[in-house]
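Visitor: My questions concern the predicted model and sequence given below.
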Amino acid sequence: MNYEEKRKQLVESLKERGILTQEKVINAMLKVPREQFLPENVQDSAYVDTPLLIGSEQTISAPHMNAMMCEILNLKKGDKVLEVGTGSGYHASLCAEIVAANNSKTSGHIYTIERHEDLAEKARENMRRTGYDKYITVIVGDGTLGYPQEAPYDKILVTAASPMPIPPPLKQQLKEGGILCIPAGSRRYTQNLYKITRKGDQFKKDKITGVRFVSLIGKYGFDDS
Ligand code: SAM
C-alpha cells in the first residue's frame, strides 16, 4: 500500500473513532504528507497512530493528537496562529493547510517557535519540500515567552507539556475570543489537555482529556534538567 492509501486509511479510522469530525481538519489530514516530516528510519510508520522520534530526544505527536488539537482550536481561514514546539513542522503545516493554503484572499499565517536549532532547521527543510514554508515562519527561541512581535493571535497551540500555571505571556498574547490549546500538569506523569478561551480579561478553562507530552522547557516552563 502506498503512503496516500495508508493516509486515507488512517483518516477513516480517526473518523470512525470520533476524533476527526471537522471537514477542514479531515481535508488537511488527507493532504499533508506526514512521511515527508519524518526521519528516513521511521517513514514506514508514518500512518501508524503513534508518536515517533524525530531527533534531539523529541517526538512528533500521534496523528490522533494532531487531529484533536486542530479541532479544539476551531481553525479558520485567515487565522494568525502561534505554535510553541515546532518539532518536525508537521502540525504547523496542518494548521497552515487550514488557515492559509490555496487561498490568496486571506492572510492566515503560522508563527512557530522551537528551542532546538537543529530541529528548527530540519522543520524549515520539511516545509520547503512540501511547499508550506510560504505560510509559516519558524523562530528559534523560548516559546514560553510567546512571540510578542506578531501578537495578538487568534489561536495558540502548545505541543509540549507545561507546568501550572500556564505561561502568562501565552494568555496575554491571545486575541479577544481567541483559543489556546495546551497540555499542562506534572512533568513526568499526569497531564491534561486544556482549551482556554479568552473573554476580555477572563480565561475560560475547559479540561478535555488526559495526555502525555514531552516537557515544555523555558522561563515559564520546566527547567532544563
Ligand atoms: N509540533 C511538533 C510536530 O508537529 O512535530 C511536535 C512537537 S514535540 C511533541 C514538542 C517540541 O517542543 C519539541 O520539539 C521541543 O524541543 C519543543 N519545546 C519544548 N519546550 C519549548 C520551548 N520553551 N520553546 C519552544 N519549543 C519548545
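Guide: Looks like it arrived, so ask away.
Visitor: mind listing the strands for this structure?
Guide: 52-55, 58-60, 80-84, 109-114, 136-140, 153-158, 174-185, 191-199, 202-211 (DSSP state E).
Visitor: Adding mean pLDDT, write those out as JSON lines.
Guide: Listed next are those as JSON lines, based on pLDDT from 0 to 100:
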{"stretch": "strand 52-55", "mean pLDDT": "96"}
{"stretch": "strand 58-60", "mean pLDDT": "96"}
{"stretch": "strand 80-84", "mean pLDDT": "98"}
{"stretch": "strand 109-114", "mean pLDDT": "98"}
{"stretch": "strand 136-140", "mean pLDDT": "98"}
{"stretch": "strand 153-158", "mean pLDDT": "98"}
{"stretch": "strand 174-185", "mean pLDDT": "98"}
{"stretch": "strand 191-199", "mean pLDDT": "98"}
{"stretch": "strand 202-211", "mean pLDDT": "97"}
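Visitor: of all those, which lies closest to the ligand?
Guide: strand 58-60 (3.7 Å; Cβ to the nearest ligand atom). (Each C-beta comes from the backbone N, C-alpha and C, glycine too.)
Visitor: how far does the closest one sit from the chain's center?
Guide: Chain-centre distance of strand 58-60: 12 Å, with Cα atoms, centre = their mean, to the nearest Å.
Visitor: swap in stretch 70-88?
Guide: In terms of Cα atoms, centre = their mean, the centre of stretch 70-88 is found 6 Å from the chain centre.
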